[in-house]
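Asks: All I have is the shape, not the residue letters:
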């Protein structure tokens, strides 16, 4: 059995076992089952996630240093950055536009029973000035310790450019970074073989606690979000890829399976980042000088899945409270959510901060977020898979535009170890 199929099997087994436990026992687990879920399944899942997260900072920093230092002389780093950010903003704008249109057609919040409504206090969003200042590190070691991805990217770019310009004295340092990069990627491969067990443990724990009760209560909203997410993933992304590169989208979907499945299981783009980077470079054929920049940046600012949540949730909350925000309100939602996808980058709880910003922008009650919290964890899994798919598509498009895409690697759909 291929590794992708093992991960898929672990994912399905975890969902089934967790759902059966929730249906049979609810929150009244026997002491033995409670102990097994907390001390075995949750322990295995959390240790696995921690093992991947520990690779994120060294992998991003080292791979970006190597990629920047070895970039082809005819390739402009500024042009790559402009294209990458431009494509991420474009896909986010398309995502939120589709979300607003579909939500208005389906009307998920009309006639909603708000008897289960709770309370919610939105965290304060950072100002534009704070966001811009926070991009530049004052202490690179502190940025790495805190996992501040934008600061790590900026510092890594600076080191890589300096290595490329220093000439012969920088050769030994570059060889050192290349060796560390090889070690990092090997550790990712080792951990990937443990992924089926980690995924199984994570999803068993999640579904034994969540179940499907919340989905039933918010079924129309839940399936509206899921429908728009799937539309964005299987229609918008393939059309962009086909239009801009003439590459076969089905080949891309086959090759990104490990990253998409793991992103779905963990609901964390950052935890999946080592796998996404390996998939982009070794299964899609994106040159490391491109992938080492586009993937970490995408994990930080590419929030297509969250943008879709903003659109559907805004329409849902407006309908639930009987407030008509009009066409100008929806245009403001699209603009605010698109810009907020970068403005809240690297901030904990970014999705809720973004939604709070959008609701405040159009005069909707922020406490309406409490209506959707019950199903947000399950939706977050699908959002993450969509975000990771977007990272892979944009990386492929940018690499193709710069002539730095290996077509032989891209067209190879075999499921051998290429992480």
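Replies: Now that the structure is in, tell me what you want to look at. Since the structure is predicted, the reported quantities are computational estimates derived from the model, not experimental observations.
Asks: Neighbours of the nearest residue to residue 162 once chain neighbours are set aside, how many?
Replies: Excluding its sequence neighbours, the residue lying closest to residue 162 (C-beta to C-beta, 6 or more residues apart in numbering) is residue 170, at 7.5 Å. All C-beta atoms are positioned from the backbone trio N, CA, C, and that covers glycine. Using other C-beta atoms under 10 Å, residue 170 has 16 neighbouring residues.
Asks: now do residue 287
Replies: Residues near residue 287, counting by other C-beta under 10 Å: 22.
Asks: That one against residue 400, yeah?
Replies: No. Taking contacts as C-beta atoms under 8 Å, residue 287 lies outside contact range of residue 400: 10.4 Å.
Asks: show me where the stretch 1-150 of the chain has helices.
Replies: 3-25, 31-36, 42-69, 77-106, 128-135, 140-146, 149-166 (DSSP state H, counting those that start in this stretch).
Asks: looking at these, which is closest to residue 238?
Replies: helix 77-106 (12.2 Å; C-beta to C-beta).
Asks: helices and strands around the closest one, which ones?
Replies: helix 219-231, helix 288-301, helix 304-320, helix 326-343, helix 373-401 (3 or more C-beta pairs under 8 Å, 6 or more residues apart in numbering; DSSP states H and E).
Asks: Run the chain-centre distance for the third one.
Replies: In terms of C-alpha atoms, centre = their mean, to the nearest Å, the centre of helix 304-320 is found 18 Å from the chain centre.
Asks: who does that helix touch, helix- and strand-wise?
Replies: Against helix 304-320 (3+ C-beta pairs under 8 Å, 6+ apart) you get helix 77-106, helix 219-231, helix 326-343, helix 350-361, helix 373-401.
Asks: Any buried residues in that helix, and which?
Replies: Using 16 or more other C-beta atoms under 10 Å as the burial criterion, the residues of helix 304-320 that qualify are 304-320.
Asks: cool, and the last one?
Replies: Along helix 373-401, these residues count as buried under the neighbour rule (16+ other C-beta under 10 Å): 374-376, 378-401.
Asks: now do the second one
Replies: Neighbour counts using 16+ other C-beta under 10 Å place 288-301 of helix 288-301 among the buried residues.
Asks: Relative to residue 373, how far out is residue 362?
Replies: Applying C-beta to C-beta, to the nearest Å, the value for residue 362 to residue 373 is 20 Å.
Asks: next one: residue 254
Replies: 35 Å.
Asks: now do residue 271
Replies: Distance from residue 271 to residue 373, by C-beta to C-beta: 21 Å.
Asks: what about the nearest residue to residue 44 once chain neighbours are set aside, neighbour count?
Replies: Excluding its sequence neighbours, the residue lying closest to residue 44 (C-beta to C-beta, 6+ apart) is residue 201, at 3.9 Å. Residues within reach of residue 201, counting by other C-beta under 10 Å, total 24.
Asks: which residues touch whatever helix or strand residue 201 lives in?
Replies: Element membership for residue 201 (DSSP states H and E) is helix 195-210. With contact meaning C-beta atoms under 8 Å, 6 or more residues apart in numbering, helix 195-210 is reached by 3, 6-7, 9-11, 13-15, 17-19, 21-22, 29, 37, 40-45, 48-49, 258, 261-262, 265-266, 377-378.
Asks: so where's the stretch 201-350 of the chain uncertain?
Replies: 211-217, 340-350 (pLDDT under 70).
Asks: Now the phi/psi pair for residue 364, please.
Replies: phi -100, psi 150 (degrees, to the nearest 10).
Asks: From residue 393, how far out is residue 239?
Replies: For residue 239 relative to residue 393 (C-beta to C-beta), the value is 10 Å.
Asks: same deal with residue 173?
Replies: 34 Å.
Asks: what does residue 265 give?
Replies: 20 Å.
Asks: nearest to residue 162, of the helices and strands packed on helix 77-106?
Replies: helix 288-301 (15.7 Å).
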